[in-house]
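**Student:** Just need the structure, nothing else, for what follows:
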Amino acid sequence: MGIAAGVGHFFQSIIEVIQGLLAAVVNFFQWILNSIIGLFQAFVSFVEGTLGFAIHNFFILGTLAAVVFAYLLYSQRQGTTPVSRDACAKTNFAEIVHLKRPASPLKAAVYSAIALAMERPDA
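**Tutor:** Residues are numbered from 1 along each chain as shown. Here you go, the predicted model:
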């Protein structure tokens, strides 16, 4: 009876080892699935918080956008929109200076001096 009991315990321990390995594999896949679900829930929570901020502050953000839009329209109509860097690179500085007439004689002299300096290659 001692040998039969030993063999029985041996097979029982082998079955328990296999059950432990299967439980470890199942727990690993559960962990991966829970991680993916947790990541998705965190993303949804982030989007919900961002949209909640935008919706709750809709009037503030809308007012800010309207002010910026109104400023751009006003500056375009007044002709005070600054010249972009691309336009400066494509156009000669002297041409830009002569497009806008300076308000004071001092500014005219400074603009003329800069235009002359930029036209001279040795300066």
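**Student:** what helix or strand does Ala54 sit in?
**Tutor:** Here Ala54 sits within helix 2-56, counting by DSSP states H and E.
**Student:** Mind giving me the packing neighbours of the helix or strand just after that helix?
**Tutor:** Going down the chain from helix 2-56, the next helix or strand is helix 58-78, by DSSP H and E. For helix 58-78, there is no helix or strand it packs on, judged by 3 or more CB pairs under 8 Å, 6 or more residues apart in numbering; DSSP states H and E. The way it works is simple: take the backbone N, C-alpha and C, and place the C-beta from them, glycine included.
**Student:** Okay, now the unreliable bits of the chain?
**Tutor:** Across the chain, the ranges flagged by pLDDT under 70 are 1, 81-104, 115-123.
**Student:** Identify the residue nearest the geometric centre of it.
**Tutor:** In the chain, the residue lying closest to the centroid (CA atoms, centre = their mean) is Thr50, at 13.3 Å.
**Student:** ok, that one to Ala70 distance?
**Tutor:** Counting by CB to CB, to the nearest Å, the gap from Thr50 to Ala70 is 27 Å.
**Student:** And for Gly38?
**Tutor:** Counting by CB to CB, the gap from Gly38 to Ala70 is 45 Å.
**Student:** Leu33 too?
**Tutor:** Taking CB to CB as the criterion, Leu33 is separated from Ala70 by 52 Å.
**Student:** Also Asn57?
**Tutor:** 19 Å.
**Student:** and if you look at Leu39?
**Tutor:** Distance, Leu39 to Ala70, using CB to CB: 42 Å.
**Student:** And for Gly6?
**Tutor:** Distance from Gly6 to Ala70, by CB to CB: 92 Å.
**Student:** same deal with Phe43?
**Tutor:** For Phe43, the distance to Ala70 (CB to CB) stands at 36 Å.
**Student:** Leu22 too?
**Tutor:** Taken as CB to CB, the span from Leu22 to Ala70 is 68 Å.
**Student:** count of neighbours near Lys107?
**Tutor:** Close neighbours of Lys107, defined as other CB atoms under 10 Å, add up to 13.
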